[in-house]
Structure formats: C-alpha cells, structure tokens
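S.K.: Next come a sequence and a model predicted from it.
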Amino acid sequence: SINLFNEFKLDSAGKKIILNLDYFKYTNDDTRPYEGTSVNNNPYAILYFKGINNNSQITNNYSAKVDVELPTKLVNWSAGGKISVSNTANDITAFNSGLINNPIADMPQTAHKFDYNEYIQALYFSGHKKFKNNFEAQIGLRMEATQTQSHNGNSNLFLNTNYIKVFPTLNLSYVPTENSTYRFSYGRRVARPNFSELNPNVTYITPFLTVEGNQILRPYFIDNFEFIYSYKKLESKLYYSIESDVFNQLGLPDLNTNQIKLIYKNIFNLKRYGFSETFTFDKIKGWNSNNLFNINYTTAQTIDLSAVGVDGFTSFVTSNNDFNLNKDKTLLLNLGFEYYFLGAYGIDKIKTFTSTSFAIQYLLLNKDLRINLRANDIFKSDKYRFSANVAGVHRSSNYYFDTRLVQLSVNYKFGSKKVNVRNRQTGNQEERARTGN
C-alpha cells in the first residue's frame, strides 16, 4: 500500500487543506480441498466424495481525498471530496465429485471468472458552532454517487448499477455542569458488501453444503438516533435505528437432494429500540474497569419471501479490566469478558455465547522493549449458534470461527523519545475493510 499525505496551512487562524492520495493491492490465493465418506444404512453402502476450490482474488484500489478546514468566528466549517476506484478480479477453479461408489483419484477442475469494478465520488461539508450557554451544534451532509460494473464469466451476466445517496448528520450537546453532559445525534450511513460477498461462483464445503456470493447484492442503509446522558463515570444511552435492505447469508434448503445453499441476499428491513449503560470503575489503585450492559428489541420485516422474520430482545454484557501489577507500571495485565444472552436478529434466533481473553505486557530497557502475551477466547466458547425458518424448513446451525488463539510478540522502539509519531487514517480505510483482511 502507498499513502501520500500533505497538509497545506493557509493562515495562522487554522485554515488548511489536507490531501490524501492512496493505493493498495490485496491478493488472496485461497485453496480449500475436502474429502470424506458418507454411509447409507438402507441399503448399507459407503459412498465417497472429494473436491477442491481454488480462488485467486486480486483487489486494487485508488483513492484521492481532499479536506478543507475553514474556522471562523461564528462557525467552524469543513468540506471535502473523495474519489475511489476499486477493481477486483477473481479466477476460480473447482471440482466436486458428488457422492460416488469408489474413491476418487483424479480431480479435473473447471474454471470460472468474476470481475467487479466500483467507482465512488463523494462531496461533503459540516459546520460546528459553540454557543455561550455550554451548548454545541454540528450539522453535516454527504452526497455519494456510485457506479458499479460486474461480469460473471460462468453465466456471462453483465450488470451495471448507478445511484446517488445523501447522508445527513446532526450532533447536539449541552453541558450544564462539570460532571454532566446531554447529547443527541442523528446520522445515516451505508454498509457495503465485502468484495468476496459479491462473487457468485459456488464454493463446495461438502457435497451437501455450498457457499456463494451474489452479483446483484445491494448495500444497505442505516439511520441511527441516539440520546446520551453522562454523569461522572456513568453513561446512559437510548437509541433507535432503522436498517433498510439488510443483507446477510441465507441458507436455502433443497428437500429433494438434502443440500443447503448458503448465499448472500438482501433479506429484511429492521427496526431496533435499545438502551445501554456504561460504567467506569477506578476507585482501587492500579485497576481500571470499563463495563457495559446493552439491551435492545428488534422487529424484522422480510423482503425475501422465502424467509421468516423474528422479533425479540437481544442483550449482552462486557467487562474490560486493566491492572498495573507493579509500582513502575512496567507489568500490565488486561482481562476481558463478553456474554451474549438469547437474542434475535433479522431471521435468526440466536443462542447464548461468551468469550474470555487476557493480555499481559512487560516493559524493559526504559520501556523501549515490550514483550506481549495475548490469548483470545480462552475457553473456546465464542460459538455462534442460531436457528431460522427458510422455505418452510427449520434449520439449526453451529459456527465456530476459530477465534481461539495465543500470540507472543516482542517490540523494540529505536530512536529518540522526543519524536512524536502521529497515527493518521488513510483515505481508503473503508475499502481496506471490505477485503475481509
């Protein structure tokens, strides 16, 4: 990846122009072989299956982003624009034997291609005003134009889209005392599919289960309202959100073949009503604890008629704890815990799951040398279990995404401590996240 950054100061009052030019290339060569046996009891027979999926994905992204900051005595204005171009090429070869009577020796593979090009142009502005009575307001507006071109080499389907969307924002805050704050915010945002979720070619997990993307998958849009009251270490939040055209993975069963096809589709519209409480505890020396309780109620209306929407409550608690284990603050410990209760999301009824993690850090050589040991999902309990009704069939699923890990790292900092290094976001953070890496 390459990032070119420049900041042009226009005057001493804070007026400036910020320029980001970015490029990244993401390459993923994925090979997934599988084989096994299946036993029929009546009549008794052993059947064999074998297969392989190869996908070479290359994504190139070019982006240019310009931001202008114009503070004045009345209002601090900011404006900008961004252009992003993404090109993704997928070369796929695959073989699936199905169930056969004899072991498989040869795997002749068929080749498929899928190409996807995306062009986004955005203009935006915002204004921020501080009033004398401890009241602040910020308004903003963003307009995005999007064009996409895709080609499925297997079906020879060419698909083009072209649309313009507007995203307003509003933030209000009032600070009546030193210890309390009231805030209200509204914002609209877009959730675009990962590039791999658009790839329509079929990947076989077993002869009974396939996964595929969707060339006609659309982004979904979220309108979010929040009211927050903060008092000292306590923060209470009421929120309401509308999610339109939500996409997710849908399991389509075939009762004749006992096969399930997992495909990404725009499935439902969602409304969410929620409340959360955040509390920070720091009364014991050397211990800082951040704790969250969140509960919400969702209603889902399906736009895919094969699925059945689920309404219900969802809640979870999290606790993140930092400890200084010695006077010099060179031995640090972090303990994290999450617990998700029974819940509902869209078409899924979700079962409970939990995760526990820890990290320990030891600082040496005047804190220039850092030794870190980190463990995630210690008890291997972060399992996503859910059930759904699709096409008249009840399906229960149990997924584990291999989040359990232990990691040891050693870092040494060279050079002067007087040099300040600023972490800056590049202009293509969203596109990087959509590679799935």
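M.R.: Alright, I've got the coordinates.

S.K.: Give the burial count for Ala45, as a bare number.
M.R.: Neighbours of Ala45 under the rule other CB atoms under 10 Å: 11. C-beta: built from backbone N, CA, C; applies to glycine.

S.K.: list the contacts for it?
M.R.: 39, 101 (CB atoms under 8 Å, 6 or more residues apart in numbering).

S.K.: redo that, cut-off 10 Å
M.R.: Neighbouring residues of Ala45 by CB atoms under 10 Å, 6 or more residues apart in numbering: 38-39, 99, 101.

S.K.: Dump those residues to JSON lines, plus distance to Leu333, neighbour count and secondary structure.
M.R.: Shown next, in JSON lines, are the contacts of Ala45 (distance: CB to CB, whole Å; neighbours: other CB atoms under 10 Å; DSSP: H, G, I helix; E, B strand; the rest coil):
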{"residue": "Ser38", "distance to Leu333": "49", "neighbour count": "13", "secondary structure": "strand"}
{"residue": "Val39", "distance to Leu333": "50", "neighbour count": "8", "secondary structure": "strand"}
{"residue": "Leu99", "distance to Leu333": "52", "neighbour count": "13", "secondary structure": "coil"}
{"residue": "Asn101", "distance to Leu333": "58", "neighbour count": "8", "secondary structure": "coil"}
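
S.K.: Output the residues you listed in TSV, with pLDDT and distance to Glu136 appended to each entry.
M.R.: Shown next, in TSV, are the contacts of Ala45 (pLDDT from 0 to 100; distance: CB to CB, whole Å):
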residue	pLDDT	distance to Glu136
Ser38	88	65
Val39	88	68
Leu99	87	66
Asn101	90	74
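
S.K.: Would you mind checking which of these is nearest to Ser319?
M.R.: Comparing the contacts of Ala45 against Ser319 with CB to CB places Ser38 closest, at 44.9 Å.

S.K.: Quick check: bridge partners of the closest residue to Leu365 other than its chain neighbours?
M.R.: What sits nearest to Leu365 in space, not counting adjacent residues and going by CB to CB, 6 or more residues apart in numbering, is Tyr412, at 7.8 Å. Judged by DSSP bridges, the bridge partners of Tyr412 are Leu369.

S.K.: Might you report the residue contacts of Tyr412?
M.R.: Per CB under 10 Å, 6+ apart, neighbours of Tyr412: 364-365, 368-371.

S.K.: how far does stretch 146-158 sit from the chain's center?
M.R.: On the basis of CA atoms, centre = their mean, to the nearest Å, stretch 146-158 sits 25 Å off its chain's mean C-alpha point.

S.K.: Let me fix that, I meant to ask about stretch 49-61.
M.R.: 22 Å.

S.K.: mind listing what's buried in the one helix or strand Asn398 maps to?
M.R.: Using DSSP states H and E, Asn398 maps to strand 393-400. Along strand 393-400, no position meets the burial threshold by neighbour count (16 or more other CB atoms under 10 Å).

S.K.: just checking, what packs against it?
M.R.: If you count contacts as 3 or more CB pairs under 10 Å, 6 or more residues apart in numbering; DSSP states H and E, strand 393-400 packs onto strand 234-254, strand 259-281, strand 348-350, strand 383-390.

S.K.: Need the winner for burial among the ones you listed.
M.R.: strand 348-350 (a mean of 19; mean count of other CB atoms under 10 Å).

S.K.: Can you tell me what sits against that one?
M.R.: With CB under 10 Å, 6+ apart as the contact definition, strand 348-350 has outside contacts at 248-249, 300, 307, 310, 312, 314, 340-344, 384-389, 395-397.

S.K.: sorry, back to before: could you export the contacts of Tyr412 as JSON lines, including pLDDT, distance to Ile260 and neighbour count?
M.R.: Listed next are those as JSON lines, based on pLDDT from 0 to 100; distance: CB to CB, whole Å; neighbours: other CB atoms under 10 Å:
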{"residue": "Leu364", "pLDDT": "94", "distance to Ile260": "53", "neighbour count": "12"}
{"residue": "Leu365", "pLDDT": "91", "distance to Ile260": "56", "neighbour count": "9"}
{"residue": "Asp368", "pLDDT": "91", "distance to Ile260": "54", "neighbour count": "13"}
{"residue": "Leu369", "pLDDT": "95", "distance to Ile260": "51", "neighbour count": "13"}
{"residue": "Arg370", "pLDDT": "96", "distance to Ile260": "47", "neighbour count": "17"}
{"residue": "Ile371", "pLDDT": "97", "distance to Ile260": "46", "neighbour count": "14"}
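
S.K.: And the furthest pair within these?
M.R.: By the measure CB to CB, Asp368 and Ile371 form the most distant pair in the contacts of Tyr412, at 11.6 Å.

S.K.: Please enumerate the shared neighbours of those two.
M.R.: Joint contacts of Asp368 and Ile371 (CB under 10 Å, 6+ apart) are 411-412.

S.K.: Could you list the low-pLDDT ranges of the stretch 51-200 of the chain?
M.R.: Low-confidence segments of the stretch 51-200 of the chain (pLDDT under 70): none present.

S.K.: residue ranges of the helices in this protein, please?
M.R.: 429-433 (DSSP state H).

S.K.: residues contacting Pro103?
M.R.: Applying CB under 10 Å, 6+ apart, one finds that Pro103 lies in contact with 35, 37, 46, 48-50, 97.

S.K.: What does it show for phi and psi?
M.R.: phi -60, psi 150 (degrees, to the nearest 10).

S.K.: likewise Arg218?
M.R.: phi -110, psi 150.

S.K.: mind listing what it touches?
M.R.: Contact analysis of Arg218 by CB under 10 Å, 6+ apart lists 148, 161, 163, 192-193, 245, 247, 265-266.

S.K.: before we move on, what about Ile263?
M.R.: Contacts of Ile263 by CB under 10 Å, 6+ apart are 197, 200, 202, 210-214, 217, 249-252.
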